[in-house]
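Peer 1: Requesting a structural model of the entry that follows:
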Amino acid sequence: MASTLTLSAKSRSGHVTAIRRSGNIPAVVYGYGIEPQNVEVESRQFNKLFTGAGYTTMLTLSVESGEDHPVFIREVQIHPLKSTITHIDFFVVRMDEAISANVPLKFVGESPAVKVLTGTLVRNMDELEVEALPKDMPHDIEVDISSLVDFEGVIQVKDIKLPEGVITHIDLDEAVALVQPPRSEAEMDALSEEVKEDVESVEGVKKEVPAEEGAEGADPASAEASAGKEEKKDKKGE
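Peer 2: I've put the predicted structure just below:
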């Protein structure tokens with residue numbers, strides 16, 4: 001299906017600092033059939049779109065020059081302190097050429113082994129590398145965990161129902177999710193004992209104090225004051 005998400009962009013003007021202060025984000029557009037272009041996009045519009053699209057949903061980048069490009073968000077740079085977006089890379093794709101992407105896995109349903117048997121769901125994968133035409137690339141892939149009815153069950157890659165037009169080259173027997181049984185009382189006691197031993201070993205560490213304080217690294221003023229007291233005491237004794 002064609003992209004229904006559209007983002008407006010305009011040619012970049014001015015220094016990137018001024019662009020950010022104006023409420024826009026500097027970006028670059030590159031890829032199939034175009035020369036790299038420096039553009040800027042409105043930050044609020046992009047943030048709203050990025051929340052829903054992520055890196056795996058194709059969108060249409062509409063540049064003010066009248067060009068519309070089918071793109072994926074390739075990279076988003078974040079300020080390390082402010083957590084704001086400082087730069088974006090848009091990658092133009094060829095619509096008749098398959099691309100690869102790591103698509104997030106969305107775990108749905110309810111596992112009886114978790115709900116009834118009080119086990120713990122273990123996810124061995126959070127995303128799956130797939131291949132598809134740009135128009136067929138899914139935003140996420142659902143994994144139904146309701147088939148995990150006991151601790152013997154395992155969901156493998158081959159059990160995932162991929163959308164039409166989407167394939168994966170990952171080993172089909174690779175485990176995606178399973179349920180671990182709850183820990184026994186003996187295991188819990190053993191863990192508690194290990195924690196207790198660790199705490200005791202830390203508390204048992206004492207800081208060594210030099211036998212003769214003041215010899216090395218002592219406060220010069222304190223040493224001088226002590227010497228003065230000893231001198232006065234000697235004079236009184238005389």
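Peer 1: Only C-alpha atoms from now on, for both contacts and neighbour counts.
Peer 2: Will do.
Peer 1: Just give me the neighbour total for Glu42.
Peer 2: Using other CA atoms under 10 Å, Glu42 has 18 neighbouring residues.
Peer 1: Next: His15.
Peer 2: Neighbourhood size, His15 [other CA under 10 Å]: 9.
Peer 1: From what I see, Val166 and Met137 are in contact.
Peer 2: Yes - Val166 lies in contact with Met137 (CA atoms under 8 Å); the separation is 7.0 Å.
Peer 1: Whichever helix or strand Val179 is part of pairs with which strands, and in what direction?
Peer 2: For Val179, the host element (DSSP states H and E) is strand 175-180. Strand 175-180 has the following strand partners under DSSP bridges: strand 120-123 (antiparallel), strand 154-156 (antiparallel).
Peer 1: Run through who's touching the first one.
Peer 2: What it means is strand 120-123. Identification of contacts with strand 120-123 by CA atoms under 8 Å, 6 or more residues apart in numbering yields Val114, Val176, Ala177, Leu178, Val179, Gln180, Pro181, Pro182.
Peer 1: these two touch, right, the fifth one and Ile155?
Peer 2: No - contact between Val179 and Ile155 fails when scored by CA under 8 Å: they sit 9.7 Å apart.
Peer 1: These two: who's more crowded?
Peer 2: More crowded of Val179 and Ile155, by other CA under 10 Å: Val179, with 25 against 21.
Peer 1: From Leu105, how far off is the closest residue to that one other than its chain neighbours?
Peer 2: Excluding the flanking residues, the one nearest Val179 by CA to CA, 6 or more residues apart in numbering is Leu121, at 4.5 Å. Distance, Leu121 to Leu105, using CA to CA, to the nearest Å: 14 Å.
Peer 1: For the residue nearest the centre of the chain, what are phi and psi?
Peer 2: By CA atoms, centre = their mean, the chain has its centre lying nearest to Asp126, at 11.1 Å. The phi and psi values for Asp126, taken as degrees, to the nearest 10, are phi -110, psi -10.
Peer 1: Check whether it really touches Phe107, as I assumed.
Peer 2: No - assessed by CA under 8 Å, Asp126 is found out of contact with Phe107, at 9.1 Å.
Peer 1: Buried residues, stretch 73-80. List them.
Peer 2: Buried residues in stretch 73-80, counted by 16 or more other CA atoms under 10 Å: Ile73.
Peer 1: before we move on, what about stretch 139-152?
Peer 2: By neighbour count on 16+ other CA under 10 Å, the buried set for stretch 139-152 is His139, Asp140, Ile141, Val143, Asp144, Ile145, Leu148, Val149, Asp150, Phe151.
Peer 1: Ok, stretch 56-69 next?
Peer 2: Buried, per 16+ other CA under 10 Å, within stretch 56-69: Thr56, Thr57, Met58, Leu59, Thr60, Leu61, Ser62, Val63, Asp68, His69.
Peer 1: Likewise for stretch 108-125?
Peer 2: So, applying 16+ other CA under 10 Å, buried residues of stretch 108-125: Ser111, Pro112, Ala113, Val114, Leu117, Gly119, Thr120, Leu121.
Peer 1: got it, and stretch 26-34?
Peer 2: By neighbour count with 16+ other CA under 10 Å, stretch 26-34 contains the buried residues Pro26, Ala27, Val28, Val29, Tyr30.
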